[in-house]
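Enquirer: Structure, please.
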Amino acid sequence: MKMFSSSGRRIGFGSMQLTGPGHWAAPDNPEQAMQVLRDAVDAGVTHIDTADAYGPFTAEKYIRKALRPTPKAWSSPLRAA
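Expert: Numbers count the residues shown, from 1 in each chain. From the prediction side, this is the model:
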């Protein structure tokens, strides 16, 4: 799984739709939400946009759960701390 192309191209993904109704709750289907994130990264996404208004902290929680543990070979800002 390659995170960055040699051209430095960046592809973003907005995480607003990961959260539940009104963007203030857990997703209706957390496993599906996390699979969407994994699929986005596999498809070449190199930036995930989030904001305090998406939960708050709900989108970040699912991003972390979906993408950790990440392969150590990734040297990407997507590696969750």
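Enquirer: hey, let's count contacts and neighbours off CA atoms from now on
Expert: Will do.
Enquirer: Residue 38 - how many residues pack around it?
Expert: Neighbours of residue 38 under the rule other CA atoms under 10 Å: 15.
Enquirer: Can you name the next helix or strand after the host helix or strand of it?
Expert: Here residue 38 sits within helix 30-42, counting by DSSP states H and E. Using DSSP H and E, the helix or strand that follows helix 30-42 in sequence is strand 47-49.
Enquirer: and the helix holding residue 38, how far from the chain's centre?
Expert: Chain-centre distance of helix 30-42: 7 Å, with CA atoms, centre = their mean, to the nearest Å.
Enquirer: Contacts for that helix, please.
Expert: Under the criterion CA atoms under 8 Å, 6 or more residues apart in numbering, residues 1, 3, 13, 18, 27, 62, 63, 65, 66, 67 lie in contact with helix 30-42.
Enquirer: By neighbour count, which of those residues wins?
Expert: Going by other CA under 10 Å, residue 18 tops the contacts of helix 30-42 with 27 neighbours.
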